[in-house]
Structures are given as structure tokens and as C-alpha cells.
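Visitor: Below are the sequence and a predicted model; questions follow.
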Amino acid sequence: KLILVKDFNNFTDRGLYVNEEDDPLTGNLFLTAGEKWRFLRSKLSPVFTSGKIKMMYNTISDKGENFVSAIERASKSGSVEMKEISNRFTIDVVSSCAFGMEANTLNSEHPELVSIFKQVFNDGGPGMLYIFFLFAFPKFSKFLHLRQFNKKISEYFYDIIGGSISYREQNKVNRNDFLNMLVELKNKGSIDGEISTETRKLTLDECVAQAFIFFFAGADTTSTVISYAITELSHHPEMQEKLRLEILDKVKESNGEITYESLHEMQYLNKVVSGKETNFNL
């Protein structure tokens, strides 16, 4: 809090590689610094309130059922690669909640989206030495017009996100999702119902960059946690049973349905997901 608020002027830059001229996707909240970071942070803060996240719960729950079905199908042929299947689950969730897009990668649809996802995390993308060079010599890299994300990834996201923004603006489509909030920030400079002292609006490039980082940061971190938690539970059946009993107890009053409220009452589940269960060798 001291670094990000009170002493912000002394800690504005983190030294990450940003080259918006050649690679607009680097103009996202994670990579930018200084006043640009503060501007984006103030604009995007209202997006992540508990009320707005609660609105997405039913969509996440529906994708969860698809996730269980996908694991059951995969298990028939032997072992299950949890990171791969978790990646597909989180891609489906973020695509739907954030952009109103039914990716359905758990049922092997939109394979190009899974391919792009892997490229961003260096599976067929730029090597670690290349990434190291960008971050070790950011000014020289910018002089050489080097990109962090290849042109194919940029074009794909400009086509998907830019096209969706254009469609919603032309047809006056409103949805309770992340993309709709970006459209409001682009056209009005603030999100409906939120008070903002910053009048500057987001550009299309800034909207696409934020959508890009929201998609990949949200999908990969979540899928990593899920895959580790499920793998560890499979090796500790006693903990798996303890967790199952807690869940069954908490959903008694909702006819076996896991509601948003009952989920927050599951203390042992929270320990498992947070890695606070001391017997886990994480």
C-alpha cells in the first residue's frame, strides 16, 4: 500500500519491456509504468468489485459442469493431463465471462485459441533468451523494433476483440461482462455507476491490450492452481474425502447446488485452493 499509493512517485517504473508503437499488446496494465499505469489502474479498478464478479458466477458454474464431463471422458483412456484440461476450462470461463464468446475448447472447438494460448507461454513462441534480451535491454530492443508478442497473436486479438467492440458499438449490445466495461471506458471514459475524476477515454489499442492481459493472466494462473490442487488431492485420498464431506454439508440447504454464498463458507476448500493445507508437498 505504501509503495503503490503513498510513495508512488518513487516507485513508478518496474523496468518491464513496453513497445506500444511496434507491439500494441504490451500497453497493458501488467507491463506499463508511471502515469500510464496509474491511469489504467484507476480506470480498471471498478471492474473487479465483488458485485461484478458475483454476476459472473452462474456462467463459471456452467463451465464447471463441462469441466467435470471433460475429465470423465479423458479418464476413460487412462491418466489425465490436468494442466492441459485446466487450461481449456479457464479459457472457456474467461472467454465467456469477459468477452461473451463461447470458446468451448473443452469440447475441442476453437483449437486456434488453445494454440495462441500456448504460444504466449513460450510453447512455440519466442525463446527465453529472446525474452531475457527484451527485458535486460528495453531501450535497445525498442530501437530495434522488437516485439514481445508475434504478429499472429496481435492480429488474432485485434480481429476477435476489436471486431467484438465494433459489433457492440454498432448494434448497441450491452452485456454484464469485462468487454462491455471496456466499451464504456472507450466511449465515455468511465463505467456506468462509477464516479471518475479522470476524463480521458481509453483508445482501441488500450482496450485490446487490457482484454489480452486479462484473458491470459486470468486463464493461466487459475489453471495452474486448479491443476496442482486436483493433482495433490488425487495423491491424498483422505484430504479428498474430507473436502467432499465439507462440500456435501454446505450444499444441503441448496438442494445439492454449489451457490456463490455456500462456496464462500467452505473453509477447507479455501485451504486446499490456497495451498494452506500443510500436508501438501507444494
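Guide: Nice, thanks for sending it over. What you are looking at is a predicted structure, and each value in this text was computed from that prediction instead of being measured.

Visitor: Number of residues surrounding residue 252?
Guide: Close neighbours of residue 252, defined as other C-beta atoms under 10 Å, add up to 9. No exception for glycine: its C-beta is placed from N, CA and C like everyone else's.

Visitor: Return stretch 227-240 as PDB; C-alpha atoms alone will do.
Guide: In PDB, the C-alpha atoms belonging to stretch 227-240 read as follows (Å, rounded to 0.1, in the frame of the first residue of the first chain):
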ATOM      1  CA  SER A 227      -4.200 -28.500 -11.800                       C
ATOM      2  CA  TYR A 228      -1.900 -28.500  -8.800                       C
ATOM      3  CA  ALA A 229      -4.800 -28.700  -6.300                       C
ATOM      4  CA  ILE A 230      -6.500 -31.600  -8.200                       C
ATOM      5  CA  THR A 231      -3.300 -33.500  -8.600                       C
ATOM      6  CA  GLU A 232      -2.400 -33.200  -4.900                       C
ATOM      7  CA  LEU A 233      -6.000 -34.300  -3.900                       C
ATOM      8  CA  SER A 234      -5.600 -37.400  -6.100                       C
ATOM      9  CA  HIS A 235      -2.400 -38.300  -4.100                       C
ATOM     10  CA  HIS A 236      -4.100 -37.600  -0.800                       C
ATOM     11  CA  PRO A 237      -7.500 -39.500  -0.700                       C
ATOM     12  CA  GLU A 238      -8.100 -38.700   2.900                       C
ATOM     13  CA  MET A 239      -8.000 -35.000   2.200                       C
ATOM     14  CA  GLN A 240     -10.100 -35.500  -0.900                       C
END
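
Visitor: Buried residues in that stretch, which are they?
Guide: Judged by neighbour count using 16 or more other C-beta atoms under 10 Å, the buried positions of stretch 227-240 are 227-230, 232-233, 236, 239.

Visitor: Make TSV from those and add pLDDT, secondary structure and distance to residue 255 to it.
Guide: TSV is the format used below for the buried residues of stretch 227-240 (pLDDT from 0 to 100; DSSP: H, G, I helix; E, B strand; the rest coil; distance: C-beta to C-beta, whole Å):
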residue	pLDDT	secondary structure	distance to residue 255
227	93	helix	30
228	91	helix	31
229	92	helix	26
230	92	helix	25
232	90	helix	30
233	92	helix	25
236	93	coil	29
239	93	helix	26
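
Visitor: Do you know the pLDDT at the residue sitting nearest the centre point of the chain?
Guide: With distances taken as C-alpha atoms, centre = their mean, residue 218 lies nearest the centre of the chain, 1.8 Å away. As predicted, residue 218 sits at a pLDDT of 82.

Visitor: got the contact list for the nearest residue to it once chain neighbours are set aside?
Guide: Nearest residue to residue 218, sequence neighbours excluded (C-beta to C-beta, 6 or more residues apart in numbering): residue 94, at 5.0 Å. Residues in contact with residue 94 (C-beta atoms under 8 Å, 6 or more residues apart in numbering) are 214-215, 218-219.

Visitor: how about a cut-off of 7 Å?
Guide: Taking C-beta atoms under 7 Å, 6 or more residues apart in numbering as the contact definition, residue 94 lies against 215, 218-219.
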